[in-house]
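K.L.:
Need a 3D model of the following:
(one chain, ligands or ions: 2)
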Amino acid sequence: MTDDAREPKNPYPAEVYRQEFSVPFDYPVYFTQQAFAADNPLLADVLDRRREGRRHRAAVYVDAGLAQAQPGLIDRIKEYFHARPGLLELAEPPQIVPGGEAAKNGWGPVRDVMWTLGNLHMDRQSFVIAVGGGAMLDMVGFAASLVHRGLRLVRLPSTVLAQNDAGVGVKNGMDEHGMKNFVGTFAPPFAVINDLSFLPTLADRDWAGGIAEAFKVALIKDAAFFEFLCTHAAALRRRDLTAMEQLIRRCAILHLEHIRTGGDPFELGSARPLDFGHWLAHKLETMSAYRLGHGQAVAIGIAVDSWTALKQGLISTDQFERTLTGLTAAGLPIWDECLSRRAPGGALEALDGLEQFREHLGGLLCITLPRGLGDKVEVHQMNPAVIEEGVEFLRGRGGGR
Ligand SMILES: NC(=O)c1ccc[n+]([C@@H]2O[C@H](COP(=O)([O-])OP(=O)(O)OC[C@H]3O[C@@H](n4cnc5c(N)ncnc54)[C@H](O)[C@@H]3O)[C@@H](O)[C@H]2O)c1
Ligand SMILES: [Zn+2]
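P.N.:
Ligands and ions are numbered 1, 2, ... in the order given. Sure thing, here's the model as predicted:
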């Protein structure tokens, strides 16, 4: 008997026309100082980088925390544009928008930005320039990606974490439905300008936050960078700007390389290696009602997942200890009281973060753990008992600080 004879004939014939195309993306990431100094040509060059032979219209949004810490900034931005009337046009005076997690914790700020863009009649070739921390960049970037299905976005990240991670990538987002980044889009920016001179006014917490992302990426991708971080942890905590500049560059480049060469820039698969430690970090941020900053939560997530890696024989005791020592020496926490909170059934409440993380990415649970120094492995199961044991161990190490 032939196969044809065995299988019932499909009564619903279908025809297919295969549509396929690819679109290249490219955006420069600059490192500079005093981007809005009257005689720094970089921003003007960036807006004109496609040499379109016309005046560029821009709406500028500034993080409220940054505007408060650096009072002359708004005037400098205005002067920068007014000094180049043939090339640049400021659509309206720079707008101050909320900074910190409050910026992305509801639709209010996103809607406000979209409305101003509409009122200013910004078109798809106009620029939205966002100057601020990672949360504000996520919010303004989200709004800019929705209006007319996407305006040109130039980011000027103003925190360590925004310069070495949040501001250089292809994502934006907002917290909704009780979850971090529940809504958002993938939208590569037109350009990024990392201006080191924004950093000295950061609060200690926001100075240290980005160091956690550097440990994260070093542990899974770059052993030499991990050595650098351990050696310079105390200097980084003392706010040594030279050490921080090196950290930011290396960390930003590792993120950029991953996006470019990792094979999945828009995260269509289930793995997200750059989110080592993040299933727990995102859960702790929401559990703590954002008392914990993203970087602080990431440091705790790295510590807890490194315990699992240790117990699975993926890393040595020495590497585990150096990770904890490095994080704490840099001024980062490795434990928080939220970790002891229990759900009604008795399990650690933080463990819900595993399923939320799986759902966010889709498909199988996929958690990245370090393997040796500078390498990683994806695992599809996490043992709650081991996590609980790690939490107890870390309470002893970090809880009493
Ligand atoms: N889109 C992504 O790929 C991505 C990646 C990583 C993190 N994130 C997001 O980034 C956010 C965290 O960003 P963050 O660590 O930059 O913190 P943040 O944006 O919450 O900013 C922290 C605080 O610093 C203030 N501030 C900003 N710049 C300042 C300056 N130069 N001087 C003084 N104060 C200043 C802000 O007003 C805020 O109060 C989280 O919401 C996280 O989810 C996004
Ligand atoms: Zn992160």
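
K.L.:
Without its sequence neighbours, what residue ends up closest to Gly86?
P.N.:
What sits nearest to Gly86 in space, not counting adjacent residues and going by CB to CB, 6 or more residues apart in numbering, is Arg55, at 6.8 Å. Backbone N, C-alpha and C define where each C-beta goes, glycine included.

K.L.:
is it true that the one you found touches Leu90?
P.N.:
No. When contacts are counted by CB atoms under 8 Å, Arg55 is not listed as touching Leu90 (11.0 Å).

K.L.:
neighbour-wise, which of these two wins?
P.N.:
A direct count of neighbours by other CB atoms under 10 Å for Arg55 and Leu90 places Leu90 higher, at 18 against 13.

K.L.:
And that one, how far from ligand 1?
P.N.:
Separation of Leu90 from ligand 1 (CB to the nearest ligand atom, to the nearest Å): 21 Å.

K.L.:
What does the pLDDT read for that residue?
P.N.:
At Leu90, the model reports a pLDDT of 98.

K.L.:
Can you get me a residue count around the closest residue to it other than its chain neighbours?
P.N.:
Closest residue to Leu90 in three dimensions, ignoring its sequence neighbours and counting by CB to CB, 6+ apart: Phe81, at 4.1 Å. Neighbourhood size, Phe81 [other CB under 10 Å]: 22.

K.L.:
before we move on, what about Val110?
P.N.:
Neighbour count for Val110, taken as other CB under 10 Å: 22.

K.L.:
Who's the closest spatial neighbour of it, skipping the chain neighbours?
P.N.:
Ala143 (4.8 Å).

K.L.:
Report how many residues lie close to the one you found.
P.N.:
What Ala143 shows, counting by other CB under 10 Å, is a neighbour count of 27.

K.L.:
which one is Gly210 nearest to, not counting chain neighbours?
P.N.:
Nearest non-adjacent residue to Gly210, counting by CB to CB, 6+ apart: Val160, 2.9 Å away.

K.L.:
Next, report how far stretch 277-289 is displaced from the centre of its chain.
P.N.:
14 Å (CA atoms, centre = their mean, to the nearest Å).

K.L.:
ok, and what's touching it?
P.N.:
Applying CB atoms under 8 Å, 6 or more residues apart in numbering, the contact partners of stretch 277-289 are 101, 175, 178-181, 212, 216, 272, 292-294, 297-305, 336, 338-339, 341, 349-350, 352-354, 356-357, 367.

K.L.:
Buried only: go through the residues you listed for me.
P.N.:
101, 175, 179-181, 212, 216, 272, 292-294, 297-305, 336, 338-339, 349-350, 353-354, 356-357, 367 (16 or more other CB atoms under 10 Å).

K.L.:
where does the residue nearest to Leu90 land on pLDDT?
P.N.:
Note for Phe81: predicted pLDDT of 98.

K.L.:
show me what contacts the residue nearest to Gly86?
P.N.:
Gly86, Leu87, Leu88, Glu89.

K.L.:
and the gap between it and Leu254?
P.N.:
Between Arg55 and Leu254 the computed distance is 37 Å (CB to CB, to the nearest Å).

K.L.:
Let me know the average pLDDT across stretch 278-298.
P.N.:
Stretch 278-298 shows a mean pLDDT of 97.

K.L.:
One more: stretch 380-393?
P.N.:
On average, stretch 380-393 scores 96.

K.L.:
Just the buried residues of that stretch, please?
P.N.:
Met382, Ile387, Glu388, Gly390, Val391, Phe393.

K.L.:
Distance from the longest strand along the chain to the middle of the chain?
P.N.:
The longest strand of the chain (DSSP state E) is strand 56-63. When distances are taken as CA atoms, centre = their mean, strand 56-63 is centred 21 Å away from the chain's centroid.

K.L.:
do stretch 271-285 as well
P.N.:
11 Å.

K.L.:
how about that stretch as CSV, C-alpha atoms only?
P.N.:
Extracted in CSV, the C-alpha atoms of stretch 271-285 (Å, rounded to 0.1, in the frame of the first residue of the first chain):
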residue,chain,number,x,y,z
ALA,A,271,17.3,32.3,25.2
ARG,A,272,18.5,35.6,26.3
PRO,A,273,22.1,35.3,27.5
LEU,A,274,22.5,38.9,28.4
ASP,A,275,19.8,38.4,31.0
PHE,A,276,21.9,36.2,33.3
GLY,A,277,20.6,36.9,36.8
HIS,A,278,17.6,38.8,35.5
TRP,A,279,14.7,36.3,36.1
LEU,A,280,15.2,37.1,39.8
ALA,A,281,16.2,40.7,39.3
HIS,A,282,13.0,41.6,37.6
LYS,A,283,10.9,39.8,40.2
LEU,A,284,12.8,41.5,43.1
GLU,A,285,12.3,44.9,41.5
